[in-house]
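Undergrad: Sequence below, structure please.
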Amino acid sequence: MILVTASTGQLGTAVVNYLLEKVPATQIAVLARDAQKAQAFADKGISVRIGDYKNYDSLVAAFQGVEKVLLISSNDFDDRFGQHKNAIDVAKEAGVKQVAYTSIEAKDAHNSATEIIAKDHALTADYLKASGLSYVLLNDSLYADVVPMFVGEKVLETGIFFPAGNGKVPFATREDMALAAATVLATEGHDNKEYAIANNEEYSLADVAAYLTEISGKEIAYVSPDEETYKAVLTEAGVPEIYIWMFCVFAKSIKEHEYETGKADLEALIGRKPTTLKDYLTGVYGK
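TA: Numbering: from 1, shown residues only. Next up is the predicted model:
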């Protein structure tokens, strides 16, 4: 039995859909906090387990009879590492054979410009390695799917205003990352391995501007302001403080070349070339 946590989120749902192409529904279980949101899985014959990373006892019941777990990182930053620790401890208690965790592909996650975002991943990866469980670290680079958020809804009118300098990221689509995770879960030979879930190419925001220029037929400029100017502009525009912080730390991490690790295992796992950033952006903006 394979258990996918955070199953009603975008990544979790995509992983389950790919798993259904590889193994019978009766071999898949999903963890969800809301049974109603997981009803579509139940309708397909998938076992729905109700649990919450913060509720240890709920996880104990949910992990029974499970051999492999995909631990998708929490998007709740209230003691995120503690939530992951609960899941790992329960997996060990329940006799789970393997835990795959969606970590981060960066040069030094312990000391990232993204602060607690990357550090929680690093702490979780360290804890999982030390747990005695068989582990797989799916070290995800940044999603191509976050690029539209970085560049803003009106990018084709305003151009790109983002303080990422000339840093690059091997952006990969969420769909390709989900396929890689499903492949690892459905096959053997991955015990105690780490994979860089990253594209073959690295892309700068200047590359994004060039692609958008080609796709839209409009000249899209890329401006990389200093962080204080960027904060001031977003504050004036009424962007919530939490989003300003998040955009700034990701921009800084890109500018400092944190994601340029030179590693890429995505193609080998999914058995084809990953979707390029240009193709992804064409799908979003070429309509």
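Undergrad: Tell me where the stretch 151-287 of the chain has strands.
TA: With DSSP state E, counting those that start in this stretch, the ranges of strands along the stretch 151-287 of the chain come out as 160-161, 168-169, 193-197, 203-204, 222-223.
Undergrad: same deal with the stretch 1-150 of the chain?
TA: 2-4, 28-32, 47-50, 68-71, 98-104, 134-140.
Undergrad: Now tabulate those in a markdown table and tack on mean neighbour count and distance to Glu214.
TA: In this view, the C-beta of every residue, glycine as well, is placed from N, C-alpha and C. As requested, the strands of the stretch 1-150 of the chain are exported to a markdown table (neighbours: other C-beta atoms under 10 Å; distance: least, C-beta to C-beta, whole Å):
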| stretch | mean neighbour count | distance to Glu214 |
| --- | --- | --- |
| strand 2-4 | 26 | 37 |
| strand 28-32 | 25 | 40 |
| strand 47-50 | 19 | 44 |
| strand 68-71 | 26 | 37 |
| strand 98-104 | 24 | 30 |
| strand 134-140 | 23 | 27 |
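Undergrad: for the ones you listed, which one sits closest to His190?
TA: strand 134-140 (4.8 Å; C-beta to C-beta).
Undergrad: and that closest one, C-alpha only, in PDB?
TA: Extracted C-alpha coordinates of strand 134-140, given in PDB (Å, rounded to 0.1, in the frame of the first residue of the first chain):
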ATOM      1  CA  SER A 134      14.500   3.700   4.200                       C
ATOM      2  CA  TYR A 135      14.200   7.100   2.600                       C
ATOM      3  CA  VAL A 136      14.100   8.800  -0.700                       C
ATOM      4  CA  LEU A 137      14.700  12.600  -0.900                       C
ATOM      5  CA  LEU A 138      12.900  14.200  -3.900                       C
ATOM      6  CA  ASN A 139      14.900  17.400  -3.900                       C
ATOM      7  CA  ASP A 140      12.600  19.700  -5.900                       C
END
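Undergrad: show me the contacts for the residue lying closest to Val66 once chain neighbours are set aside.
TA: Excluding the flanking residues, the one nearest Val66 by C-beta to C-beta, 6 or more residues apart in numbering is Leu3, at 4.4 Å. Neighbouring residues of Leu3 by C-beta atoms under 8 Å, 6 or more residues apart in numbering: 29-31, 49, 62-63, 66, 68-70, 96.
Undergrad: Would you mind listing the two of these that lie farthest apart?
TA: Greatest spatial distance in the contacts of Leu3: Val30 and Val96, 15.1 Å, computed using C-beta to C-beta.
Undergrad: Report the beta-bridge partner residues of the residue positioned nearest the centre of the chain.
TA: The centroid of the chain falls nearest to Asp140 when counting by C-alpha atoms, centre = their mean (5.7 Å). Note on Asp140: beta-bridge partners by DSSP bridges are Ile104, Ile197.
Undergrad: Kindly provide the distance from it to Ser73.
TA: 9 Å (C-beta to C-beta, to the nearest Å).
Undergrad: rewinding a little: can you give me the pLDDT of the residue nearest to Val66?
TA: If you check Leu3, the pLDDT there is 98.
Undergrad: For Ala91, see how far away it is.
TA: Leu3 is 9 Å from Ala91, by C-beta to C-beta.
Undergrad: shared neighbours of these two, anything?
TA: Taking C-beta under 8 Å, 6+ apart as the criterion, Leu3 and Ala91 both touch 63, 66, 69.
Undergrad: ok so, going back, which residues are in contact with each of Asp140 and Ser73?
TA: 102-103.
Undergrad: Right, I'll call it a day here.
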